[in-house]
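Asker: Kindly generate the corresponding structure for this input.
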Amino acid sequence: MKLRHLTFRLLEVYVAVIRSGSLSEAARRLHLTQPTISLQLKRLSEAVGEPLIEFRQGHLFMTAAGEALFSACQDMLGRFEELQEQLQGLQEGRSGHFSIALVNTAQYILPRLLGPFSQAFPEVEVTVEIGNRAQMMERFQRQQDDIYIFSHPPSLEHALAARFLRNPLVVIAPAQHPLAQAKKLPLSALQQERFLLREPGSATRMLFDSWLQTHGMTLQRSIQMASNEAIRVGVAAGMGIAVISQHALPAGNQHLVELDLDTPPSESYWHFIVRREHRLAYSARNFLHFVDRHLEEHLDARYVCHDLHELLNSV
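Answerer: Below you'll find the predicted structure:
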């Protein structure tokens, strides 16, 4: 036996002959000549070391060796068909895996996109990493993920960013605050308030500091807190007021109010970011296409930005 001489094509020819029951019909299905089919069968028989088929009364029959080979062929070719389907699924983004990393505040947004995507493509596995801006920047530098979400994208040449959602900032206070019902408050009215702040380096903190600087205002009292949840709880408990992303506010919260200012805080945008030199997984690319098609179905249309086209054309 010279089984190392077996090739995929020889096995494919043999299966076609057996399934069709005719050399001429197998030749037609494979777009080959009948002499070529006969030659391939001869080579296959020599490799196995046994006759594989015989003709009796004009009909084709398998020998014992032929039956064993046919069984093995069906198993091997079936596995190749499964592999082909898997590869096609990967290339079309219907299966596979990708990783997405996002700053803390974006966790209020991503599930609204990732949930419908996971229902549409249940065979795609997604890893989600959440942390503060410094932690996500470190992951970006190490190229640990396929997609990143920042409100302020890294100012790096190899960062390709696209806006997809406005990120308005609002000033919140406890519902019983003396200024809760006031209209068009001047910024100076907040001068003596105690502010609950995110850590330095967070996008919200950077925007807030810039807003204060633009209006020449300096905080008198502040408390630094590590998360939006802690800030929301602190404000509701009367610890102070805060600037926070509007997307981080739960609907219908009776313990918090948005203060009405004559000069509201600046707003930013949420961005999808990929690295130019990073080969984006098919499934990650499919996710971005899905988001581009369905943004307004799953996010508030008032804030949606359709700026993904350039990014999608570049990955």
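
Asker: give the contact list for the closest residue to residue 51 other than its chain neighbours.
Answerer: Using C-beta to C-beta, 6 or more residues apart in numbering and skipping the chain neighbours, the partner closest in space to residue 51 is residue 63 (5.3 Å). The way it works is simple: take the backbone N, C-alpha and C, and place the C-beta from them, glycine included. Residues in contact with residue 63 (C-beta atoms under 8 Å, 6 or more residues apart in numbering) are 50-54.

Asker: most neighbours, which of those?
Answerer: residue 52 (21 neighbours; other C-beta atoms under 10 Å).

Asker: Need the per-residue pLDDT for that one.
Answerer: Per-residue confidence at residue 52 stands at 84 (pLDDT).

Asker: quick one, what contacts it?
Answerer: By C-beta under 8 Å, 6+ apart, the neighbours of residue 52 are 14, 41, 44-45, 62-63, 65-66, 69.

Asker: Just the buried ones from these, in PyMOL syntax?
Answerer: Command for PyMOL that selects the buried part of those, burial taken from 16 or more other C-beta atoms under 10 Å:
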select buried, resi 14+41+44+45+62+65+66+69
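
Asker: could you dump the contacts of residue 52 to TSV with pLDDT and distance to residue 284?
Answerer: Output for those, formatted as TSV (pLDDT from 0 to 100; distance: C-beta to C-beta, whole Å):
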residue	pLDDT	distance to residue 284
14	84	41
41	87	46
44	86	43
45	87	48
62	86	48
63	88	51
65	87	48
66	85	47
69	85	42
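
Asker: re earlier: I'd like the list of the contacts of residue 63 that fall within strands, please.
Answerer: Residues of these located in strands (DSSP state E): 53-54.

Asker: and of the contacts of residue 63, the nearest to residue 300?
Answerer: Relative to residue 300, the closest of the contacts of residue 63 is residue 52; by C-beta to C-beta it sits at 67.1 Å.

Asker: average pLDDT for stretch 161-181?
Answerer: Stretch 161-181 shows a mean pLDDT of 92.

Asker: again with stretch 275-293
Answerer: 88.

Asker: Helices of the chain, start to end?
Answerer: 8-20, 23-30, 34-48, 64-91, 110-120, 133-141, 203-214, 228-236, 282-298, 309-314 (DSSP state H).

Asker: on that earlier part again, ok, the contacts of residue 52 vs residue 100, which is closest?
Answerer: Closest approach between these and residue 100, by C-beta to C-beta: residue 14, at 46.8 Å.

Asker: Show me the shaky parts of the stretch 1-150 of the chain.
Answerer: Applying pLDDT under 70 to the stretch 1-150 of the chain flags the ranges 1-5, 82-93.

Asker: coming back round to it: in CSV, list the contacts of residue 52 along with distance to residue 156.
Answerer: Formatted as CSV, the contacts of residue 52 follow (distance: C-beta to C-beta, whole Å):
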residue, distance to residue 156
14, 56
41, 61
44, 58
45, 63
62, 64
63, 67
65, 64
66, 63
69, 58
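
Asker: thought residue 172 was touching residue 249?
Answerer: Yes: counting by C-beta atoms under 8 Å, residue 249 is a contact partner of residue 172 at 7.0 Å.

Asker: No further questions, thank you.
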